[in-house]
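1. Need the 3D shape of this:
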Amino acid sequence: MNPRDDTAKSLKITAISVEDAAKALASAYGRRVTEEQVRAVADAGGLLRGDGTINLLEYVAYLVREASHGSE
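-> So this is what the prediction gives:
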């Protein structure tokens, strides 16, 4: 199997585990992001689904909304 195919199947941004979201965000930000941090934001925003996944797009949109409210 092509490693790229494996990555594409395991990382679905519309249904990603908290663990994988933390890894992806840490990679994107270039800093440490823990599962606990991701879970806390997901819980605060009501973003955690019954199967334990989150939509990474909704997660980031929630962070943007929260950041924009804080600057008012």
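2. switch to C-alpha atoms for all contacts and neighbour counts from now on
-> Will do.
3. Now do the buried residues in stretch 25-32.
-> When neighbours are counted by 16 or more other Cα atoms under 10 Å, the buried residues of stretch 25-32 are found to be Leu25.
4. so where is the chain shaky, pLDDT-wise?
-> Screening the chain residue by residue with the criterion pLDDT under 70, one finds the ranges 1-10, 70-72.
5. now the strands for it?
-> Counting by DSSP state E, one finds strands in the chain at the ranges 16-17, 53-54.
6. Redo those strands as a markdown table? Include mean neighbour count and distance to Thr34.
-> Compiled in a markdown table, the strands of the chain are given as follows (neighbours: other Cα atoms under 10 Å; distance: least, Cα to Cα, whole Å):
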| stretch | mean neighbour count | distance to Thr34 |
| --- | --- | --- |
| strand 16-17 | 22 | 12 |
| strand 53-54 | 22 | 15 |
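7. Could I get the ones you listed in TSV, plus columns for distance to Arg32?
-> Output for those, formatted as TSV (distance: least, Cα to Cα, whole Å):
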stretch	distance to Arg32
strand 16-17	17
strand 53-54	19
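8. Which of these sits closest to Tyr62?
-> Across those, the minimum distance to Tyr62, taken as Cα to Cα, is reached by strand 53-54, at 11.7 Å.
9. Just give the strands next to the closest one in its sheet, each with its orientation.
-> strand 16-17 (antiparallel) (DSSP bridges).
10. Can you pull up the most central residue in the protein?
-> Of all residues in the chain, the one closest to the mean position by Cα atoms, centre = their mean is Ala21, 3.7 Å from it.
11. quick one, what contacts it?
-> Taking Cα atoms under 8 Å, 6 or more residues apart in numbering as the definition of contact, the neighbours of Ala21 are 35, 38, 56.
12. Also Arg32?
-> Arg32 makes contact with Ala26, according to Cα under 8 Å, 6+ apart.
13. start to end distance for stretch 37-56?
-> The first residue of stretch 37-56 is 14 Å away from its last residue (Cα to Cα, to the nearest Å).
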